[in-house]
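Asker: here is the input, now give the coordinates:
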Amino acid sequence: MKARYQYRFYPTDQQQQSLAQLFGCVRVVWNDALAICKQSEKLPSNNDLQKLVITQAKKTVERQWLSEVSNIPLQQSVADLGIAYKNFFDSLKGKRKGKKVGRPKFKKKTNQQLARFRIGGFSFQGEQVYLAKIGNVSPIWSRELPSTPSSVTVIKDCANRYFLSFVVEIKPVHIDSEALASLLPRGDAKSERASAKHISSRSCVATAGAIGIDLGIKTFAVMSNGEKAKSPNYSKIDREIRKLQKKLARQPKDSKRRAKTRIKIAKLHNQIADTRKDFLHKLSTKIISENQTIVLEDLNVSGLVKNRKLARSISLQGWREFRTQCEAKSAKLCRDFRVISRWEPTSQVCSECGYKWGKLDLKVRSVQCLSCGTEHDRDENAAKNINKVGIGHCHDSKRTQRRDKTTPVAPVNEASRITSPSGR
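Answerer: Okay, here's the model as predicted:
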């Protein structure tokens, strides 16, 4: 399986100019090729596009400066456009899973800039990385590369930060959850890097540990074993972003002050993204290291964000990113990752006896079962039900409905059922 390893680097002033020229050439080649594709009745092949927008364009006066940069990123830009069109057509035909993919768009100078070098365009020289017609750059090696990379992508984000992203081939690691948990006692990044050197020498021992996870907003994750993970507080930075966005809307376009405000907003967005990414990586690593089977619920995030009161809070959590990380780390460490249907009534059923009490308002946080008398925390009860459904020990809802009468909605004043109607 393939993985990406990303490292930050700080180019010199001369290298920044060379990279800006490279990004501009890559962007122009993409836009020229996209314009040709839109004007053509039949989509040209990648070879024909490379001849038109690279080989022949270098001979013209308007595009002769394309010869000043490496030819490899320009060819990769045309190849990326071909992949973008393939994904678009596969999405139209229903061959591609997930959200519908739109048509390729023209690239802007103010957006994130990318340039990819394949083998032959980069090489390692000690602790430095040589990029064709750019020079040697010194990335901050936060961890070692597991194998020789097949390509490297130079990234400049909207906050003017530079990164090197390597694509490497890795093998699934066979290790049991108890051994990995002992290697990661605190779940921090240093322990994760230190344990990577010892993982390959372990053998895989199957364990019966399974955990169900219910995702939320204030409490990001509630596990079926009773553990809870609170979400970081993004409200302060989010308020600053709102103020700066109002200021940006009032400033005239193409002004220097508007450019400065745009960079400030980008830095605040990166601060939220970095905080969220660090939190999700540490939490997913801890969960994967301590359990053999991980069960999540298939949430309809696109439908949930239609609630205008909770849309911003839901968007800041990163539920889909957490699921992606758990799935990738499970494949890497030979874990069993499962996702149950979103239609399972996990919040409407008692996890002890299977009695179905019906729908509950969001402000109801604690419930007492009318059948067995057990008092449940709403989220913890849902996590236990997710775990039961995921491992195949689901209650028989039809049998319990025939045996006991089900109340559709719990009123707030019913003290025998609702023990804590506090807000979420």
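
Asker: can you count the residues close to K228?
Answerer: 16 (other C-beta atoms under 10 Å). From N, CA and C alone the C-beta is placed, and that goes for glycine too.

Asker: the nearest residue to E68 once chain neighbours are set aside sits in which helix or strand?
Answerer: Closest residue to E68 apart from its sequence neighbours, by C-beta to C-beta, 6 or more residues apart in numbering: Q21 at 6.6 Å. Using DSSP states H and E, Q21 falls within helix 13-39.

Asker: now do whichever helix or strand comes after that helix: distance to the chain's middle.
Answerer: On the C-terminal side of helix 13-39, the nearest following helix or strand under DSSP H and E is helix 46-50. Its chain's C-alpha centre and that of helix 46-50 lie 32 Å apart, by C-alpha atoms, centre = their mean, to the nearest Å.

Asker: now swap in stretch 63-71 and tell me
Answerer: 35 Å.

Asker: dump that stretch to PDB, keeping only the CA atoms.
Answerer: Only the C-alpha atoms of stretch 63-71 are listed here, as PDB (Å, rounded to 0.1, in the frame of the first residue of the first chain):
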ATOM      1  CA  ARG A  63       5.500  30.800 -23.800                       C
ATOM      2  CA  GLN A  64       9.300  30.600 -24.300                       C
ATOM      3  CA  TRP A  65       9.900  31.100 -20.600                       C
ATOM      4  CA  LEU A  66       8.500  27.500 -20.000                       C
ATOM      5  CA  SER A  67      12.100  26.300 -20.900                       C
ATOM      6  CA  GLU A  68      13.500  27.900 -17.800                       C
ATOM      7  CA  VAL A  69      11.900  25.300 -15.400                       C
ATOM      8  CA  SER A  70      12.100  21.500 -15.300                       C
ATOM      9  CA  ASN A  71      10.000  19.700 -17.900                       C
END
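
Asker: work out for me the element L81 sits within.
Answerer: Going by DSSP H and E, L81 is part of helix 71-93.

Asker: in that helix, what's buried?
Answerer: 71-78, 80-82, 84-85, 88, 91 (16 or more other C-beta atoms under 10 Å).

Asker: what's the answer for stretch 302-314, then?
Answerer: 313-314.

Asker: please work out the average pLDDT along it.
Answerer: Stretch 302-314 carries an average pLDDT of 87.

Asker: OK, contacts around E380?
Answerer: 214, 222, 224, 226 (C-beta atoms under 8 Å, 6 or more residues apart in numbering).

Asker: now render the residues you listed as a markdown table, adding distance to I263.
Answerer: Compiled in a markdown table, the contacts of E380 are given as follows (distance: C-beta to C-beta, whole Å):
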| residue | distance to I263 |
| --- | --- |
| D214 | 38 |
| V222 | 38 |
| S224 | 44 |
| G226 | 44 |
